[in-house]
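Q: prediction below, plus the sequence it came from.
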There are 2 protein chains.
Amino acid sequence: MKNSPKSVARHQRTRKDHSMETAEDYVEAVDDIVTATGQCRVVDLTRHFGVSHVTVTRIVSRLVREGFLQTEPYRPIELTNKGRTLAAESRKRHQTVYDLLLALGVSERIAGIDAEGIEHHVSQETLRCFERFLKTSAPRTDGST
Amino acid sequence: MKNSPKSVARHQRTRKDHSMETAEDYVEAVDDIVTATGQCRVVDLTRHFGVSHVTVTRIVSRLVREGFLQTEPYRPIELTNKGRTLAAESRKRHQTVYDLLLALGVSERIAGIDAEGIEHHVSQETLRCFERFLKTSAPRTDGST
DNA sequence: CACAATTTGTAGCCTGTGCTACAAGGAAAA
DNA sequence: TTTTCCTTGTAGCACAGGCTACAAATTGTG
Ligand SMILES: [Mn+2]
Ligand SMILES: [Mn+2]
Ligand SMILES: [Mn+2]
Ligand SMILES: [Mn+2]
């Protein structure tokens, strides 16, 4: 079939998105927690994501290996410059997705949930379209229509 | 932090979405391929997703175990009623996400790519908001594209 | 029919991300 | 200071979903 290469490319991109998803959520969380409390510990991420401390430790190890985080045994988790950059980009995109959902009339609770998954699959082009829509469409405080 | 329970719920939902993602994409693909060619073989899915036939076989086995597909050795893959239902829902949601991206000005190529990942994280409420937007303010002259 | 090509299955490897159980380090309380 | 409690680390398990290599079955061709 000729349409196969197209679907292959799409699914490959989705798989690639998923490989970045954990990194994006973790650097964003570390940044948030550091800002809120001064430092980020394993236990903070455990509570943030609702997974065991073992899972957090292993994921942090991977993100250290990949250059997004740095830490030492029994010490707080810190962002590298690379991690900070990714966190800033991710937060901006997350916020735009959230704002778009609100603009389309989604409730805050559901928008918060859905944006958490959608954000990782929004390309630069799509993000720009979202931003343009938010700019041009009248900022309705409560979308009943 | 007090906001932790909220973030926990969000990330738990995202993880749950991901656990359904493969099932949704596979039943949709099987349905498409059966419609297009009369039957769906392992090799068709291999070409569709761009993964090895081993990966396809193992995922098909899981989906048979979970009641979405049925097959026998060296025979075509078929949908169960449960699988058909999921395929129909998934396709409708996929199409709505795709149409929304187009309506916001995303190119067809990028919309096709992004929708492949976004679709799995769109809740019922958000889907309804997308549909309403497309009905009320989509300047598309329907028909093609 | 016999042989070749395609398809499917199986063995065995990897990584990522979940978990529990237990061990050890660090901080707080007694 | 000693003891307790919280935190972090480690061992070892599970499952999903990637892979290659090789084997077997099916299908197509001469
Ligand atoms: Mn996020
Ligand atoms: Mn997220
Ligand atoms: Mn998809
Ligand atoms: Mn996803």
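A: Sure thing, it's come through. Residues are numbered from 1 along each chain as shown, chains lettered A, B, ... in the order given. Ligands and ions are numbered 1, 2, ... in the order given.

Q: only C-alpha atoms from now on, for both contacts and neighbour counts.
A: Will do.

Q: residue ranges for the helices of chain A, please.
A: Taking DSSP state H to define them, one finds helices in chain A at A:4-37, A:42-49, A:53-65, A:81-103, A:108-118, A:124-136.

Q: mind putting these into JSON lines with mean neighbour count, mean pLDDT and distance to B:Ile113?
A: What follows is the helices of chain A, written out as JSON lines (neighbours: other C-alpha atoms under 10 Å in any protein chain shown; pLDDT from 0 to 100; distance: least, C-alpha to C-alpha, whole Å):
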{"stretch": "helix A:4-37", "mean neighbour count": "18", "mean pLDDT": "94", "distance to B:Ile113": "5"}
{"stretch": "helix A:42-49", "mean neighbour count": "20", "mean pLDDT": "98", "distance to B:Ile113": "28"}
{"stretch": "helix A:53-65", "mean neighbour count": "16", "mean pLDDT": "98", "distance to B:Ile113": "26"}
{"stretch": "helix A:81-103", "mean neighbour count": "19", "mean pLDDT": "98", "distance to B:Ile113": "17"}
{"stretch": "helix A:108-118", "mean neighbour count": "21", "mean pLDDT": "97", "distance to B:Ile113": "13"}
{"stretch": "helix A:124-136", "mean neighbour count": "16", "mean pLDDT": "97", "distance to B:Ile113": "10"}
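
Q: mind putting these in CSV, distance to B:Glu21 included?
A: Compiled in CSV, the helices of chain A are given as follows (distance: least, C-alpha to C-alpha, whole Å):
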stretch, distance to B:Glu21
helix A:4-37, 10
helix A:42-49, 20
helix A:53-65, 22
helix A:81-103, 20
helix A:108-118, 12
helix A:124-136, 21
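
Q: can I get these in a markdown table including distance to ligand 2?
A: A markdown table is the format used below for those (distance: least, C-alpha to the ion, whole Å):
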| stretch | distance to ligand 2 |
| --- | --- |
| helix A:4-37 | 5 |
| helix A:42-49 | 10 |
| helix A:53-65 | 15 |
| helix A:81-103 | 8 |
| helix A:108-118 | 4 |
| helix A:124-136 | 15 |
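
Q: so which of those helices is nearest B:Val42?
A: helix A:4-37 (13.7 Å; C-alpha to C-alpha).

Q: that closest one packs against which elements?
A: helix A:42-49, strand A:78-79, helix A:81-103, helix B:42-49, helix B:108-118 (3 or more C-alpha pairs under 8 Å, 6 or more residues apart in numbering or on different chains; DSSP states H and E).
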